[in-house]
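> the following block contains a protein sequence and its predicted model.
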Amino acid sequence: VTPEQAQAGAKAAPETKVAISSRDRVVFPDSGQTKGQLADYYYSIAPLMLAFAADRPISLVRCPQGRAKKCFFQKHDSGGFGDHVRKVPITEKDGSAEDYLYIDDAVGILQCVQMGTIEFHGWGSRASAVEKPDRLIFDLDPDEGLDFRDVKQAATDIRDRLRDIGLTSFAMLSGGKGVHVVAPVLPGHGWDVHKDFARRFSEALALAEPDRFTATMSKAKRKGKIFIDWLRNQRGATAVVPYSARARSGAPVAAPIAWNELSGFDGADAFSIDDADKLLKRARSKSLAGWGFADQKLPDV
Ligand code: ATP
Ligand code: MN
Ligand code: MN
């Protein structure tokens, strides 16, 4: 997918409708949105989301009874999905092959929604080349109670450090509590190299500013700090896909933003599934043109 195609996606509309049952079922009890409204959101946003979600192994957060009831994180095919929810066998650590899911069109997205999906999470590599990641993600996870201003400062600091080593990066409001800093890279290296790069980058940051950052997952070591979650960069890990809805209060969505807009947001849940038109308009704007795309290699550091 090229940036031009991604922008064109903001104009096109999917061709086929998928039958959605129980359209009136309330999926987000706090804010009232229904399964039908969630499907309509995905129908509108699909061409845009596909630029980032298509052809990657995905995991789904499914909440068949709505987000307030039991939800589950699904990695593998369980049957029952429509035929546009494709399967790709991937070798597990123990050597066995398991079917993972991927989608390549709007119908596939809507068939997932029909099955109670709220969130889409993607691998950092393509289904056609699972062993060669094509993006780095630094998922900033603030300790509870930390001010969002600290998250924003952390994101721009990471952007600057990435720029220092030659990498262009992009910011996304996660729809939850944090910001994701994403650097697309041309596929070339394997997962071990990516993971090692992400770990060393994050540990260096934590070492330089131990009061602000930690690169250790432990909640105890996160007190008052931001965990730079570099573990999104290991084989099998996923991160929420741009424009995915979140199974959280208010039906927020993961939203790409321009760096110069970041300071204006006071939370990571600024956009919701009610904002499809706004998000499409934003995606067509100059400031978001080319978001998520850069021809660059992982630096040799
Ligand atoms: P926030 O900004 O609130 O941290 P987030 O999307 O960055 O939002 P989480 O929802 O906490 O973070 O999830 C972290 C990552 O772990 C997600 O990107 C997701 O792909 C993955 N994940 C979530 N739930 C599971 C699970 N049950 N099993 C495996 N991986 C999961
Ligand atoms: Mn996070
Ligand atoms: Mn995380």
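Sure, I can see it. Ligands and ions are numbered 1, 2, ... in the order given.
> just the residues contacting the host helix or strand of P89, thanks.
Using DSSP states H and E, P89 maps to strand 85-91. Applying C-beta atoms under 8 Å, 6 or more residues apart in numbering, the external contacts of strand 85-91 come out as 57, 77, 97-104, 108, 111-112, 127, 130. All C-beta spots, glycine's among them, are computed from the backbone N, C-alpha and C.
> what pairs with it, parallel or antiparallel?
strand 97-103 (antiparallel) (DSSP bridges).
> quick one: mean pLDDT over the helix or strand just after the partner strand.
Moving toward the C-terminus from strand 97-103, the next helix or strand (DSSP H and E) is helix 106-114. Across helix 106-114, pLDDT averages out at 97.
> report the buried residues of helix 106-114.
A106, V107, G108, I109, L110, Q111, C112, V113, Q114 (16 or more other C-beta atoms under 10 Å).
> could you give the angle of that helix to strand 97-103?
110 degrees (axes from the mean of the first three to the mean of the last three C-alpha atoms, to 10 degrees).
> tell me the residues of the stretch 101-250 of the chain that contact ligand 2?
D139, D141, G178 (C-beta under 5 Å from the ion).
> one more pass at 6 Å, please.
D139, D141, S174, G178, D229 (C-beta under 6 Å from the ion).
> could you identify the most distant pair in those?
S174 and D229 (10.6 Å; C-beta to C-beta).
> the two: which has the busier surroundings?
S174 (23 against 20; other C-beta atoms under 10 Å).
> can you tell me the closest non-neighbouring residue to that one?
A268 (4.9 Å; C-beta to C-beta, 6 or more residues apart in numbering).
> one more: F72?
Nearest one to F72, counting by C-beta to C-beta, 6+ apart, is R62 at 5.7 Å.
> next, count neighbours for the one you found.
Neighbours of R62 (other C-beta under 10 Å): 19.
> now do the contacts for it.
C71, F72, Q74, M115, G116, T117, I118.
> what about it, distance to A39?
Note on R62: its distance to A39, by C-beta to C-beta, to the nearest Å, is 14 Å.
> tell me the confidence at the residue of the stretch 101-250 of the chain found nearest ligand 1?
When distances are taken as C-beta to the nearest ligand atom, the stretch 101-250 of the chain reaches nearest to ligand 1 at G176, 2.3 Å away. On the pLDDT scale, G176 is placed at 98.
> and it, how far from R248?
Between G176 and R248 the distance, using C-beta to C-beta, works out to 6 Å.
> find the nearest non-adjacent residue to G80, please.
In space, G80 is closest to M115, 6.5 Å off (C-beta to C-beta, 6+ apart).
> you'd agree that neighbour is up against G79?
No - when contacts are counted by C-beta atoms under 8 Å, M115 is not listed as touching G79 (10.3 Å).
> could you pull out the strands for the chain?
58-62, 72-74, 85-91, 97-103, 117-122, 135-142, 170-173, 179-184, 213-214, 226-229, 239-240, 255-257 (DSSP state E).
> mind listing what the closest residue to F28 other than its chain neighbours touches?
Closest residue in space to F28, ignoring its immediate chain neighbours: A251 at 4.3 Å, by C-beta to C-beta, 6+ apart. Applying C-beta under 8 Å, 6+ apart, we find A251 in contact with V27, F28, S31, Q33, L38, A245, S272, I273, D274.
> so what's the residue count around the third one?
Right, the one you point to is S31. Count around S31 with other C-beta under 10 Å applied: 15.
> can you list the domain ranges for the protein.
Using automatic domain parsing, the domain ranges for the chain come out as 3-131, 135-233.
> which of those domains has the lowest average pLDDT?
Looking at the domains of the chain, the weakest mean confidence is domain 3-131, a mean of 92.
> start to end distance for it?
24 Å (C-alpha to C-alpha, to the nearest Å).
> swap in stretch 280-293?
By C-alpha to C-alpha, one end of stretch 280-293 lies 17 Å from the other end.
> what do you get for stretch 88-98?
For stretch 88-98, the end-to-end distance is 8 Å (C-alpha to C-alpha).
> OK, now which residue of the protein is nearest to ligand 3?
Across the chain, the shortest distance to ligand 3 (C-beta to the ion) belongs to D229, at 3.5 Å.
> name the nearest residue to that residue, ignoring sequence neighbours.
Closest to D229 by C-beta to C-beta, 6+ apart is D139, at 3.9 Å.
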